[in-house]
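Q: What follows is a protein structure lacking sequence information:
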C-alpha cells in the first residue's frame, strides 16, 4: 500500500530480508524500516502505520509490546502458545498473530494489507472528524454574524449619518478633523460593503441548500412510491 509506513522489528536478519523482498515484489509496497530489539524505542521510531514483530531474543517480546501504544496495529509473527497469545490479545486488542509456518510471508502480506487499509480508513475518518469540528466552529461564527447583522447595520447607519452631517459643514472643522471624519466615513462604507456581501453570500448558500434538499426529496419520492 503506497504512502504507508511499516516497521519490521526482528533480531533475525533473514526474516527481515525475506519479508522485505516479498513486499517489494508487490505492485504497491509501503515504506519499510527494519529495526532490531536493541535499536527499538517507540518514541524514537519513525512514523508508522503498522509494526511487524518477528523473531526476537528470548524475553524481548513482552518488553517490545509494552513499549508500543495499545492502539498501534501490530502483527506478531513468532512462535507462541495459546495461553501467552490470550494474555497478549487481552492487552493489545489490535494484535494479530501469524504462526511461523511454510506460508507465513504471503499470509502476513495479506493480513498487513487489510491492516493498512483499516489504518488508512481510520486516518480519513479522524481527518473528517477534525474537518467537521472546524466547519462547525465556522458555522457557529457565521450564525453569530447573521444574528448580529441587524445591530451592525444600525451602528453603521448611525456612523455614516453622523459623518455625513459633519461633512455638510466643513467650515466648522479643522483640516485634520475633516480628514479624520472622511476616513471614518470611507471605512464605514467599506464595512457596509462587506456586510452586504456577507448577506448576499448567506442568501446564496441558503438557496443552494434549499435546492439540494429539494433535489434529494425528489429523488427519494419515486423510491417511496415504488414501495
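A: Nice, I can see it. The shown structure was predicted, so the numbers you read here are calculated from the model rather than taken from an experiment.

Q: What helix or strand is residue 195 located in?
A: Counting by DSSP states H and E, the element that carries residue 195 is helix 175-226.

Q: Okay, and residue 161 sits in which element?
A: When the helices and strands are read off by DSSP H and E, the one containing residue 161 is helix 104-167.

Q: got the angle for that helix vs helix 175-226?
A: For helix 104-167 against helix 175-226, the angle by axes from the mean of the first three to the mean of the last three Cα atoms, to 10 degrees is 130 degrees.

Q: and helix 104-167, what other elements does it pack with?
A: When contacts are defined as 3 or more Cβ pairs under 8 Å, 6 or more residues apart in numbering; DSSP states H and E, helix 104-167 sits against helix 13-24, strand 50-53, strand 74-76, helix 175-226. The way it works is simple: take the backbone N, C-alpha and C, and place the C-beta from them, glycine included.

Q: ok, back up a step: how far is the helix holding residue 195 from where the chain is centred?
A: The offset between the C-alpha centroid of helix 175-226 and the centroid of the whole chain comes to 29 Å, using Cα atoms, centre = their mean, to the nearest Å.

Q: average model confidence for it?
A: Computed over helix 175-226, the mean pLDDT rounds to 75.

Q: Adding distance to residue 162 and mean neighbour count, write the helices and strands packed on helix 104-167 out as JSON lines.
A: As requested, the helices and strands packed on helix 104-167 are exported to JSON lines (distance: least, Cβ to Cβ, whole Å; neighbours: other Cβ atoms under 10 Å):
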{"stretch": "helix 13-24", "distance to residue 162": "74", "mean neighbour count": "15"}
{"stretch": "strand 50-53", "distance to residue 162": "67", "mean neighbour count": "25"}
{"stretch": "strand 74-76", "distance to residue 162": "70", "mean neighbour count": "21"}
{"stretch": "helix 175-226", "distance to residue 162": "9", "mean neighbour count": "11"}
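
Q: how about the ones you listed in CSV, adding distance to residue 101?
A: Conversion of the helices and strands packed on helix 104-167 to CSV gives the following (distance: least, Cβ to Cβ, whole Å):
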stretch, distance to residue 101
helix 13-24, 13
strand 50-53, 16
strand 74-76, 14
helix 175-226, 51
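
Q: I'd like to know which of those is closest to residue 39.
A: Proximity to residue 39, assessed across those by Cβ to Cβ, is greatest for helix 13-24 (12.3 Å).

Q: Fine by me, thanks again.
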